[in-house]
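Q: Pasting a predicted model and its sequence here:
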Amino acid sequence: MGTSIGLWLVSLAIVVSVAWSATGDVLDDALEEGSRLVLQLARQGEGAAGASREPRMEHGEVLKLRMYYQLVAPDGSVLLRGEDTPEKAFVPHARHKEKTSVWVEGELWRVYVRPGPRGITAQVAQPMEERLEMLEDMAEDLAWPALTLLALLGLLSWALIRRLLRPLEDAAMRIDAKSPHDLAPVQAHNPPRELQPILDALNALLARLATALDGERRFTADAAHELRTPLAALRMRVQLIERELKLPTTHLQQLRADLDRCTALVESLLALARLEPQAEGLVREAVDLNALLDGLSLPPNVRVERSLAVPRLRAAPALLNSALRNLIDNAARYGRVGGRVRVETMQLPHGGIRLAVRDDGMGVPSEQRARLGERFFRVLGTGQTGNGLGLSIVARIAALHGATLHFEEGLEGRGLGAVLDFPAD
């Protein structure tokens, strides 16, 4: 519309310029004819009344443009002039025919000069202001039709562009509706041929990305699965060596701890690999949290308390079991010996449910809490072994349920609190 209005204004300026030039030529011709009549009447001894002819131009309504004449002597004095004509000669010392614009008595005039006998000149003029008034009247008559056509152009442009862009908006909505786990081709409804190459390229990219991600998931799952068997066999052999050979116990204990850490890492990788394809079709049901906690194998070195204001939570039971087990194990591992761990739930104002696991251990600095859900990230200086995947598994389970995971202070201003906010059903 900005371009259309700009072109419309340029076109209007061109039309006005052409109209002004054409109208000026017509009026100049009228001045020339008027000067001839003035000389002719002067020769016949006609009075001023005979020379006061008023030519008319018609455009919509009759517009009268008076012509003002003078008979000027060779010395520049005015011998005869029409009514309301300036006393001063328009062109005092004219010698030949000419059309010119002059300022007389503070007003701009358009003058035609015609030489006559004995050096007398007939000078017929019109004020430029009157010419402009006539052009303004013409412009006013044309303004409303032009503005109406411009409004129709705007409406038509809006309707056509809206219709032409609808397939593009449809394709954009379909792309925006995709999740990170939905890599199916984008199917737009009746796309224009200009959009089809873009959709084809995007679908080809999605296909390559889906192939790469599937390969990565299969590799992770297969590698984790295949590593479980040799690690289990290796641990069994370490136990046999410990029974049969007289070796320092500390070395074998360290070896068993390293094997247990590798096994835990493999189990965590396998759990993450299994969680990836579960973004769609997650089956939820009302889970009794007391029964779920009763079934967990809780660490013996901490007291696990319960403060369940909301005893039931809609979630996938197996995934919720895994999330709670990881959170409690993490709190027990990094809390203090003989410390407390509390599992609590509460109703949120917007209808959701908050599930939190808090401890009273040494806690985590606030500047490092934002990284706790990252894979393989571990807080240094805790003196505990781990692989940095437990909280990553919890974060992934939270994302599958549409919940958010964040971290706060623990019990009584100490330790760490892992908080899961589940949305309302």
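A: Thanks, I have the structure now.

Q: roughly how far apart are L234 and R243?
A: 15 Å (CB to CB, to the nearest Å). Where C-beta positions appear, they are placed from N, C-alpha and C, glycine not excepted.

Q: V186 now?
A: Applying CB to CB to V186 and R243 gives a distance of 62 Å.

Q: now do R306
A: 41 Å.

Q: Neighbours of the residue lying closest to L411 once chain neighbours are set aside, how many?
A: Distances taken as CB to CB, 6 or more residues apart in numbering place D360 nearest to L411, at 4.2 Å, with adjacent residues excluded. The number of residues packed around D360, counting by other CB atoms under 10 Å, is 20.

Q: show me what contacts D360?
A: 335-336, 339-340, 410-412, 414-415 (CB atoms under 8 Å, 6 or more residues apart in numbering).

Q: Settle it for me: which of R306 and R243 has more neighbours?
A: Neighbour count, other CB under 10 Å: between R306 and R243, R306 has more, with 12 against 8.

Q: Spell out the residue ranges of the helices in the chain.
A: With DSSP state H, the ranges of helices along the chain come out as 2-43, 48-51, 128-176, 196-244, 249-275, 289-295, 317-334, 366-369, 390-400.

Q: Could you dump the ones you listed into JSON lines and include mean pLDDT?
A: Converted to JSON lines, the helices of the chain look like this (pLDDT from 0 to 100):
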{"stretch": "helix 2-43", "mean pLDDT": "84"}
{"stretch": "helix 48-51", "mean pLDDT": "38"}
{"stretch": "helix 128-176", "mean pLDDT": "84"}
{"stretch": "helix 196-244", "mean pLDDT": "77"}
{"stretch": "helix 249-275", "mean pLDDT": "66"}
{"stretch": "helix 289-295", "mean pLDDT": "90"}
{"stretch": "helix 317-334", "mean pLDDT": "86"}
{"stretch": "helix 366-369", "mean pLDDT": "73"}
{"stretch": "helix 390-400", "mean pLDDT": "84"}
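
Q: I'd like these as TSV, with distance to N190 appended.
A: Formatted as TSV, the helices of the chain follow (distance: least, CB to CB, whole Å):
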stretch	distance to N190
helix 2-43	28
helix 48-51	76
helix 128-176	6
helix 196-244	10
helix 249-275	38
helix 289-295	51
helix 317-334	41
helix 366-369	50
helix 390-400	35
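
Q: of all these, which lies closest to M67?
A: For the helices of the chain, distance to M67 was read as CB to CB. The smallest value, 4.7 Å, belongs to helix 2-43.

Q: Mind giving me the packing neighbours of that closest one?
A: helix 48-51, strand 56-59, strand 68-72, strand 98-104, strand 107-115, strand 121-127, helix 128-176 (3 or more CB pairs under 8 Å, 6 or more residues apart in numbering; DSSP states H and E).

Q: pLDDT weak spots in the stretch 301-425 of the chain?
A: 373-388 (pLDDT under 70).

Q: Let's see that with 80 instead.
A: Applying pLDDT under 80 to the stretch 301-425 of the chain flags the ranges 301-302, 334-338, 363, 365-390, 425.

Q: Show me where it has its strands.
A: Taking DSSP state E, counting those that start in this stretch to define them, one finds strands in the stretch 301-425 of the chain at 303-308, 312-315, 340-347, 353-359, 404-409, 416-422.

Q: V38: which of the ones you listed is closest?
A: strand 404-409 (95.7 Å).

Q: so what strands line up beside the closest one?
A: strand 416-422 (antiparallel) (DSSP bridges).

Q: and the nearest residue to Q187 once chain neighbours are set aside, what does it touch?
A: Leaving out its chain neighbours, the residue that sits closest to Q187 by CB to CB, 6+ apart is R174, at 7.1 Å. Counting by CB under 8 Å, 6+ apart, R174 makes contact with 186-188.

Q: gap between R174 and Q196?
A: 14 Å.

Q: rewinding a little: in CSV, list the helices and strands packed on helix 2-43 along with distance to L298.
A: Shown next, in CSV, are these (distance: least, CB to CB, whole Å):
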stretch, distance to L298
helix 48-51, 122
strand 56-59, 99
strand 68-72, 113
strand 98-104, 105
strand 107-115, 103
strand 121-127, 106
helix 128-176, 44
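
Q: Tell me which of those sits nearest to T23.
A: That would be helix 128-176 among these, by CB to CB, at 6.7 Å.

Q: now stretch 397-406, how far from the centre of its chain.
A: For stretch 397-406, the separation from the chain centroid amounts to 28 Å (computed by CA atoms, centre = their mean, to the nearest Å).

Q: And stretch 15-29, by the same measure?
A: 50 Å.

Q: Make residue 1 into 532 and carry on from there
A: Taking 532 as the first residue, the last one we looked at is stretch 546-560.

Q: Buried residues, that stretch. List them.
A: 554, 558 (16 or more other CB atoms under 10 Å).

Q: same thing with stretch 816-829?
A: 818, 820, 823-824.

Q: returning to that earlier point: what about the contacts of R705, which one has the most neighbours?
A: A719 (19 neighbours).

Q: Wait, that one touches L730, no?
A: Yes - A719 is in contact with L730 according to CB atoms under 8 Å; the separation is 5.9 Å.

Q: who touches both of the two?
A: By CB under 8 Å, 6+ apart, the residues touching both A719 and L730 are A702.

Q: now for this structure, which residue lies nearest the mean position of the chain?
A: In the chain, the C-alpha closest to the average C-alpha coordinate belongs to A703, at a distance of 12.3 Å (CA atoms, centre = their mean).

Q: Give the burial count for G607, as a bare number.
A: 13.

Q: ok, it touching A620?
A: Yes - using CB under 8 Å, G607 is in contact with A620, at 5.3 Å.

Q: got the contact list for the closest residue to K619 other than its chain neighbours?
A: Excluding the flanking residues, the one nearest K619 by CB to CB, 6+ apart is V635, at 5.9 Å. V635 is in contact with 617, 619, 621, counting by CB under 8 Å, 6+ apart.

Q: Could you point out which of the residues you listed is nearest to M877?
A: P617 (96.9 Å).

Q: The closest one contacts E636, correct?
A: Yes - between P617 and E636 there is a contact at 5.2 Å, judged by CB under 8 Å.

Q: Between these two, point out the one with more neighbours.
A: P617 (15 against 8).

Q: Can you check what pLDDT the model gives that one?
A: If you check P617, the pLDDT there is 88.

Q: likewise the one 4 residues further on?
A: The pLDDT attached to F621 in the predicted structure is 89.

Q: quick one, phi/psi of it?
A: phi -60, psi -50 (degrees, to the nearest 10).
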